[in-house]
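**Q** Kindly return the folded structure for what I paste below:
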Amino acid sequence: MGATMRDVARQAGVSVATVSRALSGSARVAPDVRERVAQAARDLHYVPSRLPGNLRAKLSRNVALVVGNVRNPYFPDLIGGCEEAAQRAGYSLIIGDSDEDQERESAILEHLAAERVAGVVLASAGETTNGLRQLVALGTPIVAVDRRLEGLYVDTVTVDNEDAARRAVRHLVDLGHRRIGMISGPTSLSSIRDRQAGYVHALREAGIPADASLVVQGDLRETTAAQQMAKLLDRPDPPTAILTVNNLASVGALRALRARGIDVPGQMAVVGFDDLPTGDLMDPPLTAVVQPTHDLGRTAMELLLRRLATPDAPVRDVVLETTFVVRGSTAPPWTPPVRVAGAVETTPT
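**A** So this is what the prediction gives:
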């Protein structure tokens, strides 16, 4: 249960009416009293409600989903899964897009706290924000999806990112690749850390030393991934294969390879984490870790609805299975032709 105006008044040593006037910016409150009230509200994580008084007692039928980037083809299917479950239960779904920015995410969560939404499904952009702390202080049910919320004991729905990345790299190793690069993302995200751990795990299993210089960190955006791919290609000993950390990184890497005239998979094998909607139609089709994205969203919303119906239910940690789909973007390492000394090249007539 979140702090009330009465709690703030008690902490600040003033009346409830004074708290109301101070927080509304009334000139009738002395500056030192206003600051004392503001400090008490901060200490208690008090969130003023924007709902009219006659609506506060009514149960909200609004739930929210906050995702990292709606332009990422991964998230629309997750949104669809959440929407399906929410609609079936008679709830309206509010969508928030953090654009993988923690300050923007915090502002969205602060707004949702003020609106007193019934609950929130969150694909977090990283660290615990002030907005998240406000929701926790209010007792708003929260479900983590795709990425774990470190330090919070909440219902969670993810995939086994480490094992999925390990299988992807093992596929490349089995094809004969020894210099395998990775276009990664922010390590503040649990999913990214787990995928990097899986990458290292697969190399160690194969007896291949992990070369940290072959792992480049990015921001999960296409343009950044293209720049990172170009940097890897400019190395004196570039990788022969690459694992990308999400589908936008896959697109960026493939664009960079095409711009350099590098053949996939002849000169560079590519595995994507997350499938693209048109992955099987690409030339060549993309080998990828396929996540059950719709099921992730549906399951997360079902857990939130369960939490709303039974607040004291045991916390659940659901891990869904991924699928590894081999297509045409991976092949054994390219071997340059061997020139024989003294051989004379002839042109067919």
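
**Q** pLDDT of stretch 18-37, averaged?
**A** Taken as a whole, stretch 18-37 has a mean pLDDT of 75.

**Q** ugh, typo on my part, it should be stretch 204-215
**A** Rounded mean pLDDT across stretch 204-215 is 96.

**Q** next one: that stretch to chain centre, how far?
**A** With Cα atoms, centre = their mean, to the nearest Å as the basis, stretch 204-215 stands 25 Å off its chain's centre.

**Q** what are the C-alpha coordinates of that stretch, in PDB please?
**A** The C-alpha trace of stretch 204-215 is given here as PDB (Å, rounded to 0.1, in the frame of the first residue of the first chain):
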ATOM      1  CA  ARG A 204      34.800 -22.500 -23.700                       C
ATOM      2  CA  GLU A 205      33.000 -25.800 -24.400                       C
ATOM      3  CA  ALA A 206      34.700 -25.900 -27.700                       C
ATOM      4  CA  GLY A 207      38.200 -25.100 -26.300                       C
ATOM      5  CA  ILE A 208      38.200 -21.700 -28.100                       C
ATOM      6  CA  PRO A 209      39.600 -18.700 -26.100                       C
ATOM      7  CA  ALA A 210      37.100 -16.000 -25.800                       C
ATOM      8  CA  ASP A 211      38.400 -12.800 -27.500                       C
ATOM      9  CA  ALA A 212      36.800  -9.800 -25.800                       C
ATOM     10  CA  SER A 213      37.700  -7.600 -28.700                       C
ATOM     11  CA  LEU A 214      35.200  -9.600 -30.900                       C
ATOM     12  CA  VAL A 215      32.300  -8.600 -28.700                       C
END
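
**Q** Okay, helices next: where are they in the protein?
**A** 5-12, 16-23, 31-43, 53-56, 74-88, 102-115, 130-138, 161-174, 190-205, 222-233, 247-259, 293-309 (DSSP state H).

**Q** Between the ones you listed, which has the poorest mean confidence score?
**A** Across the helices of the chain, the lowest-scoring stretch is helix 53-56, with a mean of 40.

**Q** Can you report how many residues lie near residue 207?
**A** A count of nearby residues for residue 207, using other Cβ atoms under 10 Å, gives 8. All C-beta spots, glycine's among them, are computed from the backbone N, C-alpha and C.

**Q** ok, now residue 28?
**A** That count, for residue 28 with other Cβ under 10 Å as the rule, works out to 8.

**Q** Not counting sequence-adjacent ones, nearest residue to it?
**A** residue 21 (5.8 Å; Cβ to Cβ, 6 or more residues apart in numbering).

**Q** State the number of residues packed around the one you found.
**A** Residues near residue 21, counting by other Cβ under 10 Å: 18.

**Q** Pipe the helices of the chain into TSV and attach distance to residue 327 per row.
**A** Output for the helices of the chain, formatted as TSV (distance: least, Cβ to Cβ, whole Å):
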stretch	distance to residue 327
helix 5-12	58
helix 16-23	58
helix 31-43	53
helix 53-56	53
helix 74-88	18
helix 102-115	34
helix 130-138	39
helix 161-174	11
helix 190-205	19
helix 222-233	19
helix 247-259	12
helix 293-309	18
